[in-house]
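Student: Return atomic coordinates for the entry below.
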Amino acid sequence: MVAKPYTFAKGAKLEDHTKQKHKILREYFDRYLWVRCRLPQQSKFRVAIVDGFAGGGRYEDGSPGSPIIFLEALQAATEAFNIQRAADKMAELSIECLLILNDDDPEVVDFLKSQVAPVLAAIKDTQPKLHVHVEFLNKPFEQAYPEIKAFLERGSYPSVLFNLDQCGHSQVHSSTLTDIMRSFRAPEIFYTFMIEALIAFLRKGNAERYRKQLKHLNLTPEALDALGEQMSNHSWLGSAEKVVFESFHDCAAFVSPFSINNPTGWRYWLIHFSNNYRARQEYNNVLHRNSTMQAHFGRSGLRMLSYTASDPSSGLYLFEEADRVRARDQLSDDIPRLVNEYGDAIQVGDFYRGIYNMTPAHMDDIHASVMMNPDLEIVTDAGGARRTSNTIATNDVLRLKPQRSFFPMFLNSQIDPQKR
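Tutor: Below you'll find the model as predicted:
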């Protein structure tokens, strides 16, 4: 008999990469609730959360696992929102949450129930405006998903958040990710996997696709077989990001192909899927508040995956202040070039939709690069110019100024006279 990796009565050991994931998850979920509950006229918010690999709820040191992180965040948000609303003489806000917790080990589920119960009791006693219904499932995720989907559809939940913190790669099919993102009005996914498992999956599942996806890596078969030896190399991180993005970019409108930072080797990926640029915008901002927790290798402006080994604009991006300085420098050139591709103007909402799959940059750095650029201006519906970045609206227009300092880009694409 194979020994269990830990005793559930004591909880699992909390690894560093898991601690990093949980901090990002908690902070992003805090922002998720704030964005969706910000309307003064709103008196109720409904959300469904699916934790597909829920685990036991707490670790051996007492730290909360993802199910309890969600519950604690809901409890804190409900209290904060209603304190603020009372101060502003606004109506109270109710939050209704369906929390589906699944794990394929029955012993884990039993332990999870014992850890969740006191948190639910505290919520009931202290937060009358928070209503949580918990469903426990005990199946491999792919077997549980049809039941989960039917449950969500019966409840007509528009806002759905999946946390899929699997071991390896193969426990969640890419077709399931696509189905989640296409089946609900406002879905988001946090998806974890190990890069070795993805490479093995591609190699085994579709050899031709595998060769095509890894062609740009320029690695020998021996180097691929010795994957563990490659993974501490910065260039390997950049190449792996391209593989990850190519593998998953059809699943959702916005895919963040950033790894969990580990200087001894980039092995774990935490990917955020969404269909709205606003979600990706907030996710980028959260990563900058948690610098060094995730890593990107490539360009820091737009076209983040477009680089070569000799490209001086490429480098390791850890969402720190020095990286933000580099990003602002690149954005000051990249953004005018992007606007020029549209002609000379683009609505701000369309600009956001066009860039947020292309950049790790913070929203403030993007805005600063626009406002301080001598070749760009933001124009309101009334025809006036925006003077400060915090007033930019999605229906404003980002346009090139009539008198520009940069060389006209269209001249770079003139027809070669020898090919006429």
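Student: How is the protein divided into domains?
Tutor: For the chain, the structural domains run 16-298, 337-413, going by automatic domain parsing.
Student: any idea of the mean pLDDT in the shortest one?
Tutor: For domain 337-413, mean pLDDT rounds to 89.
Student: for the longest one, same thing?
Tutor: When pLDDT is averaged over domain 16-298, the result is 88.
Student: quick one, strands of this protein?
Tutor: Per DSSP state E, the chain carries strands over the ranges 44-51, 94-102, 130-137, 159-165, 186-194, 254-256, 259-260, 268-274, 294-298, 315-317, 345-347, 376-379, 397-400.
Student: Now do the shortest one: which elements does it pack against?
Tutor: Contacts defined by 3 or more Cβ pairs under 8 Å, 6 or more residues apart in numbering; DSSP states H and E place strand 259-260 against helix 16-36, helix 234-248, strand 268-274, strand 294-298. Glycine gets a C-beta too; all of them are placed from N, C-alpha and C.
Student: List just the one of these that sits closest to residue 110.
Tutor: Of all these, helix 16-36 sits nearest to residue 110, with 21.3 Å by Cβ to Cβ.
Student: Can you say which of the strands of the chain is nearest to residue 333?
Tutor: strand 376-379 (11.3 Å).
Student: Tell me the buried residues in that closest one?
Tutor: For strand 376-379, the neighbour count (16 or more other Cβ atoms under 10 Å) marks 376-378 as buried.
Student: now the strands of the chain in JSON lines, with distance to residue 108?
Tutor: As requested, those are exported to JSON lines (distance: least, Cβ to Cβ, whole Å):
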{"stretch": "strand 44-51", "distance to residue 108": "12"}
{"stretch": "strand 94-102", "distance to residue 108": "10"}
{"stretch": "strand 130-137", "distance to residue 108": "10"}
{"stretch": "strand 159-165", "distance to residue 108": "13"}
{"stretch": "strand 186-194", "distance to residue 108": "17"}
{"stretch": "strand 254-256", "distance to residue 108": "28"}
{"stretch": "strand 259-260", "distance to residue 108": "23"}
{"stretch": "strand 268-274", "distance to residue 108": "21"}
{"stretch": "strand 294-298", "distance to residue 108": "27"}
{"stretch": "strand 315-317", "distance to residue 108": "36"}
{"stretch": "strand 345-347", "distance to residue 108": "49"}
{"stretch": "strand 376-379", "distance to residue 108": "52"}
{"stretch": "strand 397-400", "distance to residue 108": "50"}
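Student: separation between residue 45 and residue 187?
Tutor: 16 Å (Cβ to Cβ, to the nearest Å).
Student: Between these two, point out the one with more neighbours.
Tutor: residue 187 (26 against 18; other Cβ atoms under 10 Å).
Student: which ones are touching the most centrally placed residue in the chain?
Tutor: The C-alpha lying nearest the average C-alpha coordinate of the chain belongs to residue 272 (Cα atoms, centre = their mean; 2.7 Å). Applying Cβ atoms under 8 Å, 6 or more residues apart in numbering, we find residue 272 in contact with 28, 188-191, 254-256, 279-280, 283.
Student: Mind putting the helices and strands packed on strand 259-260 into CSV with distance to residue 261?
Tutor: As requested, the helices and strands packed on strand 259-260 are exported to CSV (distance: least, Cβ to Cβ, whole Å):
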stretch, distance to residue 261
helix 16-36, 7
helix 234-248, 9
strand 268-274, 9
strand 294-298, 4
